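J.: Predicted model and sequence follow; I will ask about them next.
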Amino acid sequence: MNIPLDTDLIVMAIWGLIFAIFVIKLFQSIRLVPTKSAYIVERLGKYHSTLDAGFHTLIPFVDKVAFIHDLKEETIDVPPQECFSSDEVNVEVDGVIYISVTDPVKASYGITDYRYAAIQLAQTTTRSVIGTLDLDRTFEERDVISAKVVQVLDQAGALWGIRVHRYEIKNITPPETVKNAMEMQVNAERERRALLAKSEGDKQSKINRSEGVKAETVNRSEGEMQRRINEAEGKAEEILTISRATAESIERLATVIAAPGGHNALRMQLGEQYFKQLDGLSQKNSRVVLPGNMVDFDYWMNSIGLTEEKPS
């Protein structure tokens with residue numbers, strides 16, 4: 001009597017389990033896809049559709065979400081790796097990749113792990129590019145290295161359903177011995193530039209002083225030349241003025257002499273000046289030689305041609 005009862009319980013338990021599984025699958029068939037996400041749906045193991053953002057329902061036991069992709073841009077660290085430059089110097093380089101999924105189907109079925117593949121390709125490309133550059137240029141050509149890595153990753157990303165936005169090198173670390181040598185080189189270059197700047201400053205200072213002395217000398221000579229020109233012009237103007245005044249006075253004197261009574265007036269003035277000169281010489285106790293006939297003043301005047309001609 002107990003065996004049939006146990007069998008019914010087992011059957012009921014099995015149907016209950018089946019119902020629970022069906023309910024769970026039914027709830028799992030309801031999918032809410034967030035923004036900037038993509039769900040890859042497989043039906044009976046084959047790609048069926050890609051679910052975009054929103055509400056979706058699947059067929060239980062037939063459809064399943066095989067891959068979930070985040071379509072936002074993400075960063076992937078590239079681990080440090082050793083690279084040899086063209087001058088055989090070992091440097092350690094690491095970086096970061098900025099990528100995003102553009103084709104969820106290719107990202108699911110085109111490659112097993114696109115993140116790992118992108119890291120490996122970035123490392124190999126970095127090694128090949130640094131191998132063509134000298135150590136000094138590796139620090140200067142970071143943009144060239146990054147551009148080359150992005151170019152190679154873009155070509156591969158077209159098949160993987162991803163897009164590489166940029167690749168940045170974070171650190172390029174040379175060995176300690178090379179770092180010490182580079183520091184010494186930098187210090188030597190700084191000292192050389194300092195000495196060069198000082199010598200250029202001294203040179204410019206001497207040039208400025210010499211130009212100042214030259215300008216001062218030129219200004220002085222030009223000033224002296226202008227002073228002499230002004231003095232000469234002043235003297236010439238003075239001589240010209242005196243000559244004009246003398247000519248004018250002579251002309252007026254001749255006019256006065258030619259006038260009636262002019263000779264007599266001139267004789268009187270000359271006589272007065274003559275006797276004043278004699279008086280001045282006598283007061284100075286000077287020796288004066290006088291003519292023998294002081295009374296005959298007309299004779300002296302006739303000797304200089306200032307006697308008035310009498311009409312015949």
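T.: Arrived safely, thanks for sending.
J.: Now do the strands in this protein.
T.: 30-33, 37-43, 46-51, 54-57, 63-70, 74-84, 90-101, 162-173 (DSSP state E).
J.: elements contacting the fifth one?
T.: Translated: strand 63-70. strand 37-43, strand 46-51, helix 104-109 (3 or more C-beta pairs under 8 Å, 6 or more residues apart in numbering; DSSP states H and E). Where you see a C-beta, it was placed from the backbone N, CA and C, and this is true even at glycine.
J.: Show which residues not belonging to the first one make contact with it.
T.: In other words, strand 37-43. Contact with strand 37-43 is made by 31, 33, 47-53, 56, 58-59, 62-71, 101, 104-105, 108, as judged by C-beta atoms under 8 Å, 6 or more residues apart in numbering.
J.: are any of the residues you listed buried, and which?
T.: Among those, the ones that count as buried by 16 or more other C-beta atoms under 10 Å are 33, 48, 50-51, 56, 58, 63-65, 67, 69, 71, 101, 104, 108.
J.: As JSON lines, the helices and strands packed on strand 63-70 with distance to P260 would be great.
T.: Converted to JSON lines, the helices and strands packed on strand 63-70 look like this (distance: least, C-beta to C-beta, whole Å):
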{"stretch": "strand 37-43", "distance to P260": "140"}
{"stretch": "strand 46-51", "distance to P260": "144"}
{"stretch": "helix 104-109", "distance to P260": "140"}
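J.: if we can go back for a sec, with mean pLDDT and distance to R190 added, can I get the strands of the chain in a markdown table?
T.: What follows is these, written out as a markdown table (pLDDT from 0 to 100; distance: least, C-beta to C-beta, whole Å):
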| stretch | mean pLDDT | distance to R190 |
| --- | --- | --- |
| strand 30-33 | 86 | 60 |
| strand 37-43 | 92 | 54 |
| strand 46-51 | 91 | 60 |
| strand 54-57 | 88 | 63 |
| strand 63-70 | 90 | 49 |
| strand 74-84 | 90 | 28 |
| strand 90-101 | 91 | 23 |
| strand 162-173 | 89 | 21 |
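J.: In CSV: the ones you listed, plus distance to E224.
T.: Below are the strands of the chain laid out as CSV (distance: least, C-beta to C-beta, whole Å):
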stretch, distance to E224
strand 30-33, 98
strand 37-43, 94
strand 46-51, 98
strand 54-57, 99
strand 63-70, 90
strand 74-84, 75
strand 90-101, 72
strand 162-173, 69
